[in-house]
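> sharing a model that was predicted from the sequence below.
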Amino acid sequence: MYEHFFQCPYCWEEISMLLDPSVSRQTYVEDCEVCCNPIGVTPEFEANELIGFEAQDIEQ
C-alpha cells in the first residue's frame, strides 16, 4: 500500500489515504477523515510509482 497526503477539496485540511499500486488506474469515492464529505479519488500508478493523483469534490 502507498500512503499519499493531499488537501481535501472541501475543508482544505491535509489528509492521507492508502492507495493500492497493484491497479494502474482506478476511480472511487472515499470520505474525508476530517469533514466526512465524499471525495472522488483517481490515483494512477506506473511500475508501482504514483504518477498521477486527482481528488475532486463530487457534490456539485
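Looks like it came in fine. Numbering: from 1, shown residues only.
> any idea which element the residue nearest to the spatial centre of the chain lies in?
The central residue of the chain, meaning the one whose C-alpha is nearest the mean C-alpha position (CA atoms, centre = their mean), is V41 at 4.0 Å. In the assignment (DSSP states H and E), V41 maps to strand 38-46.
> give me the next element, helix or strand, following that strand.
strand 49-57.
> buried residues in that next one?
A55 (16 or more other CB atoms under 10 Å). The way it works is simple: take the backbone N, C-alpha and C, and place the C-beta from them, glycine included.
> same question, stretch 6-23
So stretch 6-23, judged by 16+ other CB under 10 Å, has buried residues 8-10, 15, 17, 19.
> using JSON lines, please lay out those residues together with distance to Q26.
Shown next, in JSON lines, are the buried residues of stretch 6-23 (distance: CB to CB, whole Å):
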{"residue": "C8", "distance to Q26": "19"}
{"residue": "P9", "distance to Q26": "18"}
{"residue": "Y10", "distance to Q26": "21"}
{"residue": "I15", "distance to Q26": "18"}
{"residue": "M17", "distance to Q26": "12"}
{"residue": "L19", "distance to Q26": "9"}
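> now do the SS call for P21.
coil (DSSP: H, G, I helix; E, B strand; the rest coil).
> 31 is where my numbering starts, stick with that
Happy to do that; since the first residue is 31 now, the last one works out to P51.
> measure it to D87 for me?
Counting by CB to CB, to the nearest Å, the gap from P51 to D87 is 25 Å.
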